[in-house]
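Undergrad: Predicted coordinates and the sequence they were generated for:
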Amino acid sequence: MMSFLKVLLLALALVASVLAGTTPEGKAFLAANKDKEGVVETASGLQYKVLKSGEAGGKTPLVGTKCLCHYRGTTITGEEFDSSFKRGKPTAFAPNQVIKGWTEAMQMMKEGDHWELYIPSELAYGDSKRSALITPGAVLVFELELIEVQGPAAPVSAEL
């Protein structure tokens, strides 16, 4: 019985490794995108471009600090699936309440920053289908504006 469970777990792990990951189209998009002017890629694979910088010394949120943000989410083909800008009302959440790509980006941003994020599926919804536009393995593009950090902030580092 124990060896059957080991074989079953191994088989499930192999299936998961085959299913997991960014689609070939998404990988091609990210490979081309990282060479574009202004795009930065982090060690995790998150890519971002600063559209507008907030003022020097602006607050950067801690992982559990609520933030007021505006955002717009699209597919790599530009199809919009969500937008607080369209609703006309920003949303409040902490970096630890969102997808991993946002968590990472928000902890690098400061109040007033407006970035475009290019998020591989591993840092977004993985192999989960979230909607007709957010399919398994999808790379997502977000415009994210950090309007206000509503609580404790990370220490401000000296800029060189």
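TA: Thanks, I have the structure now.

Undergrad: any weak-confidence spans in the protein?
TA: Residues of the chain meeting the criterion pLDDT under 70: 1-20, 156-160.

Undergrad: Okay, residue 90 and residue 106: tell me how far apart.
TA: 14 Å (C-beta to C-beta, to the nearest Å). All C-beta spots, glycine's among them, are computed from the backbone N, C-alpha and C.

Undergrad: Can you list the residue ranges for helices in this protein?
TA: Secondary structure of the chain by DSSP state H: the helices cover 2-19, 24-33, 84-87, 100-106.

Undergrad: related to what we said a few turns ago, shared neighbours, residue 90 and residue 106?
TA: In terms of C-beta atoms under 8 Å, 6 or more residues apart in numbering, residue 90 and residue 106 are both contacted by the residues residue 69.

Undergrad: centroid residue for the protein?
TA: residue 101 (2.5 Å; C-alpha atoms, centre = their mean).

Undergrad: residue contacts, that residue?
TA: Counted by C-beta under 8 Å, 6+ apart, residue 101 has contacts 46, 117, 119, 120, 123, 124, 140, 142.

Undergrad: can you redo the residues you listed as CSV with neighbour count?
TA: Listed next are the contacts of residue 101 as CSV, based on neighbours: other C-beta atoms under 10 Å:
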residue, neighbour count
46, 23
117, 24
119, 28
120, 24
123, 23
124, 25
140, 25
142, 21
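
Undergrad: Most widely separated two among these?
TA: 120 and 142 (12.5 Å; C-beta to C-beta).

Undergrad: which residues touch residue 60?
TA: Residue 60 makes contact with 107, 108, 109, 110, 111, 149, 153, 154, 156 under the criterion C-beta under 8 Å, 6+ apart.

Undergrad: Now do it against residue 36, distance only.
TA: Counting by C-beta to C-beta, the gap from residue 60 to residue 36 is 25 Å.
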